[in-house]
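> Return atomic coordinates for the entry below.
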Amino acid sequence: MININDLKLVEEEQQAPAHEEAGVSKSRSYKKLLMLLVVLAMIAGALAVFVRPVYETHVRAEIISEVISATRIKVERYAREHRSWPMSASEIKTPMPERAKGKISIEIDNGVIELVISDVPGKKVRFSPSVNDRGYIVWKCDHGGVSQDYLPAICARDN
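Below you'll find the predicted structure:
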């Protein structure tokens, strides 16, 4: 005959391994989660390595376009008002955007705008104005070897 006290011991023995397995199972789940997080972090790091330079190039090109657009407008306005091209950048007082300071300098000689870009290979982009037969000011871009990635749209049309 089976004693009730013996049954309780049998139940406890059967349950004990189940609790131990649950602990092992939890431990394995945490390890899998940790491995997944490590893999995701590695993927994010690898993407950042490739995305950051592309973003920086885009921002630099945006700054160059902003500076050249503002400077061209000032040169055109000066030419209309004075019937001559400005001889220097100080004549047109082009404000330099805060994010361009230290990265780009502007030189103007007889209306020709030259951007000197400190951190771009090739470093100089020249924009030369002329008046077409209809009386409009047109601009020609000489990118001097600067990569197309950094140039404003006017240079893409000229080349």
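
> Just the pLDDT at residue 157, thanks.
Here, the pLDDT recorded for residue 157 equals 57.

> Kindly report the same for residue 76.
For residue 76, the model assigns a pLDDT of 91.

> So what's the residue count around it?
When neighbours are counted by other Cβ atoms under 10 Å, residue 76 registers 17. (Each C-beta comes from the backbone N, C-alpha and C, glycine too.)

> Ok, residue 112 next?
Other residues lying near residue 112 total 17 when counted by other Cβ under 10 Å.

> what's near enough to touch the closest residue to it other than its chain neighbours?
Distances taken as Cβ to Cβ, 6 or more residues apart in numbering place residue 128 nearest to residue 112, at 4.9 Å, with adjacent residues excluded. The contact partners of residue 128, taken as Cβ atoms under 8 Å, 6 or more residues apart in numbering, are 111, 112, 139, 140, 142.

> Secondary structure class of the fourth one, three-state.
Per DSSP: H, G, I helix; E, B strand; the rest coil, the secondary structure class of residue 140 is strand.

> Let me know whether it touches residue 127 as I believe.
Yes: the pair residue 140 and residue 127 qualifies as a contact (Cβ atoms under 8 Å) at a distance of 7.2 Å.

> quick one: residue 45 from residue 90, how far?
From residue 45 across to residue 90, the span is 47 Å (Cβ to Cβ, to the nearest Å).

> Just give me the residue closest to the centre of this structure.
Against the mean C-alpha coordinate of the chain, by Cα atoms, centre = their mean, the closest residue is residue 55 at 1.8 Å.

> So residue 108 lies in a strand, does it not?
Yes: when classified by three-state DSSP, residue 108 is found to be part of a strand.

> Apart from its neighbours in sequence, what residue is nearest it?
Taking Cβ to Cβ, 6+ apart as the measure, residue 108 lies nearest to residue 89, with 4.6 Å between them; neighbours along the chain are not counted.

> The one you found touches residue 109, doesn't it?
No: taking contact to mean Cβ under 8 Å, the distance of 9.3 Å between residue 89 and residue 109 leaves them out of contact.
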